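A.B. asks: Sharing a model prediction with you, sequence too.
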Amino acid sequence: MRVEQIEWRDATSAAIAIRGKVEQMSRVPDVEPIRREVCAEGDEAVLRLTNRYDATDNALDSLRVEASAIRAAVDKMDSALRESLEMAIENVREVALVQVVDDAQTVELRQGQSVTTRTIPVGSVGIYAPGGRASYPSSVLMCAVPARVANVDGIVLATPPRPDGRVAESVLAAASLCGIDEIYAMGGAQAIFALAFGTGTIDPVDLIVGPGNAWVQEAKRRVSGSVGIDSYAGPSELMVVAGSDADAEAVALDLCAQAEHGEGAVLVLACTDEPTLEAVGDAAAKFGERPGIDPGALLNTVLVPSIVDAIELANALAPEHLELLDDEAAVLVPEVTTAGCVFVGANSATAFGDYVAGSNHVLPTGGAGRFSGPLGPGTFRRRITSVHVSSEAAARLAPHVDRIARAEGLPVHGESAMIRSKQ
């Protein structure tokens, strides 16, 4: 892991410098040929691509994972791991439940009309969970539990098989514990296109959620509009605000943990104390040599004039994860306005949120925290509005409709309203 210090002038320039480095390292793959193959050939194309890129040692002849394999994964699951996953599921469910509002809200307006807004779940959801050589049961539950709380009827999972053609048993078991309806052994951009447009085996879904590599995210961007997506997610991000009393090794481990997620992690350390800044940087460089941590990861360190400046930098950067490990910084939590998830206090490592704290680890990246938030039940629900116009309201409103419509050059709109005012 490389450590580079950002020269401080102000929060905005520091954020621009950090994001600029990320953009230089990023790449946008061309997924259009894959889209054409999947749309033209359906199952045949997805199977061919899955066997080419994922099931390289033992070719698959079916995309659907059989129920017997899922049951066997649950039966063989390590009891301690099952206990941990069930605790994580319960915590995520409890947090999600308080976010659901089922009651319709009606506003009676003074002209006599009423407008009612209610929220209803989307019809079907496709979850993408990264897989292949690694497995992420935590991503399965982070997506599936809020979808179930939102009362989505149909939930399917797409996840890449390992080279032997089998899906990791921990992923299958997590999916079963979450009540996922169907599982498909497929990954990459082809999985996203299959979920979005359907194949002979797979029905198209209304919404696609979940993390994935650059190919997956670019495919999600391409299908957005044809179906809904949760976000266009980039590499993992963590900004840490630490004081002079910070445990340098603990902070370094927090930062290095995010570099385990793959290439391009955005890692930032803001500190008012130069010795602490250097101590964390040295520890991160040491831990960053461990297997599994992206060797090209870059830690950006910033010596800030004050904790208030560090919070200002966080708001300008809008990091996916923000740790406020300093006591003074913890007091300033209400001043944080853009981070995906804030971890408050010396013990609040991001890793707790990644797995069992109850918050969701599918979070906005790339600065998207300025306009979006964590995955939750609201992601899986949509608003629908009903309007009732009484005869009295029609008489009062129609002249205004007519006036505005004619100003826009749409006179028939006005006539449509005016005829009701005469009935």
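C.D. replies: On my side now, so go ahead.

A.B. asks: can you map out the strands along the stretch 1-150 of the chain?
C.D. replies: Taking DSSP state E, counting those that start in this stretch, the strands of the stretch 1-150 of the chain run over residues 2-6, 105-108, 114-121, 124-128.

A.B. asks: Just name the most buried of these.
C.D. replies: strand 124-128 (a mean of 27; mean count of other C-beta atoms under 10 Å). From N, CA and C alone the C-beta is placed, and that goes for glycine too.

A.B. asks: Show me what it is in contact with.
C.D. replies: In this structure, residues lying in contact with strand 124-128 by C-beta atoms under 8 Å, 6 or more residues apart in numbering are 140, 143-144, 147, 152-159, 180, 187, 191-192, 195-196, 203, 205-212, 216, 380.

A.B. asks: follow-up on the earlier one: can you lay out the strands of the stretch 1-150 of the chain as TSV showing distance to Gly292 and mean pLDDT?
C.D. replies: Conversion of these to TSV gives the following (distance: least, C-beta to C-beta, whole Å; pLDDT from 0 to 100):
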stretch	distance to Gly292	mean pLDDT
strand 2-6	17	91
strand 105-108	49	94
strand 114-121	38	94
strand 124-128	22	98
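
A.B. asks: For Ser84, which of these is the nearest?
C.D. replies: Taking C-beta to C-beta as the criterion, Ser84 comes closest to strand 124-128 out of these, the separation being 20.0 Å.

A.B. asks: In the sheet, which strands lie alongside the closest one, parallel or antiparallel?
C.D. replies: Strands that pair with strand 124-128, judged by DSSP bridges, come out as strand 154-159 (parallel), strand 207-209 (parallel).

A.B. asks: avg pLDDT for the last one?
C.D. replies: Averaged over strand 207-209, pLDDT sits at 98.

A.B. asks: quick one: the helix or strand just after it to strand 124-128, angle?
C.D. replies: For strand 207-209, the following helix or strand on the C-terminal side (DSSP states H and E) is helix 214-223. Angular relation of helix 214-223 and strand 124-128 on a 0 to 180 degree scale: 160 degrees, by axes from the mean of the first three to the mean of the last three C-alpha atoms, to 10 degrees.

A.B. asks: JSON lines for the strands paired with strand 124-128, including mean neighbour count and distance to Thr338?
C.D. replies: Supplementary listing: the strands paired with strand 124-128 in JSON lines, determined by neighbours: other C-beta atoms under 10 Å; distance: least, C-beta to C-beta, whole Å:
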{"stretch": "strand 154-159", "mean neighbour count": "24", "distance to Thr338": "30"}
{"stretch": "strand 207-209", "mean neighbour count": "25", "distance to Thr338": "21"}
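
A.B. asks: Let's have those strands in JSON lines, adding distance to Gly409.
C.D. replies: Below are the strands paired with strand 124-128 laid out as JSON lines (distance: least, C-beta to C-beta, whole Å):
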{"stretch": "strand 154-159", "distance to Gly409": "44"}
{"stretch": "strand 207-209", "distance to Gly409": "37"}
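
A.B. asks: Can you tell me the number of residues neighbouring Ala59?
C.D. replies: 12 (other C-beta atoms under 10 Å).

A.B. asks: for Ala80, that is, sorry about that
C.D. replies: By other C-beta under 10 Å, neighbour count at Ala80 equals 8.
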